[in-house]
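Visitor: Predicted model and sequence below, questions to follow.
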Amino acid sequence: MIIGIGVDIIEIARIQESIDSYGERFLQKLFTEGEIAYCSAKQFPTQHYAARFAAKEAFAKAVSTGWSGDFEWKNVEVRNDPIGKPSLELYGKTAEALKGCSVFLSMSHSDSTVIAYVVIERNG
């Protein structure tokens, strides 16, 4: 049974402005070491940071919490399998709260925007 759906779209320039303004502090607050390494290795890192930001926002909408309470940005990590398919890895209280659930992620981008879509399904 589907228990949550979330979607987020963001302009890549907005993330670039945040990186320009806050630099490493911005990246360290929102992204895991694995996400930073992945994005930094890409030809257009900001596009990949924006996609991960949108995925985390879409996830927050799917669990209906927004970013209030105990929710932490780094408890949600976007990972890619060997062929590039994205997925969400959950940690800490976030993983505990969604034990017994499957989380599905889809992301896409244009030159100026990225979109992420998250579906959470209760298993069994």
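Guide: Structure received. Numbering: from 1, shown residues only.
Visitor: can you name the farthest residue from the center of this structure?
Guide: G124 (25.6 Å; CA atoms, centre = their mean).
Visitor: Looks like it contacts S102 (just checking).
Guide: No. Look at G124 against S102 with CB atoms under 8 Å: they stay out of range, at 10.4 Å. C-beta: built from backbone N, CA, C; applies to glycine.
Visitor: Return the set of buried residues in the helix or strand of the chain with the lowest mean pLDDT.
Guide: Every helix and strand in the chain was compared by mean pLDDT, DSSP states H and E; the lowest is helix 92-97, with a mean of 92. Burial within helix 92-97, assessed by neighbour count using 16 or more other CB atoms under 10 Å, is assigned to T94.
Visitor: Dump stretch 49-68 to PDB, restricted to CA.
Guide: In PDB, the C-alpha atoms belonging to stretch 49-68 read as follows (Å, rounded to 0.1, in the frame of the first residue of the first chain):
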ATOM      1  CA  TYR A  49      23.700  18.500  -6.000                       C
ATOM      2  CA  ALA A  50      20.400  20.000  -7.200                       C
ATOM      3  CA  ALA A  51      19.000  16.600  -8.000                       C
ATOM      4  CA  ARG A  52      19.900  15.300  -4.600                       C
ATOM      5  CA  PHE A  53      18.400  18.300  -2.900                       C
ATOM      6  CA  ALA A  54      15.200  17.800  -4.800                       C
ATOM      7  CA  ALA A  55      15.100  14.100  -3.900                       C
ATOM      8  CA  LYS A  56      15.500  14.900  -0.200                       C
ATOM      9  CA  GLU A  57      12.700  17.600  -0.500                       C
ATOM     10  CA  ALA A  58      10.500  15.100  -2.300                       C
ATOM     11  CA  PHE A  59      11.200  12.500   0.400                       C
ATOM     12  CA  ALA A  60      10.300  15.000   3.100                       C
ATOM     13  CA  LYS A  61       7.000  15.700   1.400                       C
ATOM     14  CA  ALA A  62       6.300  11.900   1.000                       C
ATOM     15  CA  VAL A  63       6.700  11.400   4.700                       C
ATOM     16  CA  SER A  64       4.600  14.500   5.400                       C
ATOM     17  CA  THR A  65       7.000  16.000   7.800                       C
ATOM     18  CA  GLY A  66       8.700  18.700   5.800                       C
ATOM     19  CA  TRP A  67      11.900  19.500   7.500                       C
ATOM     20  CA  SER A  68      10.500  20.000  11.000                       C
END
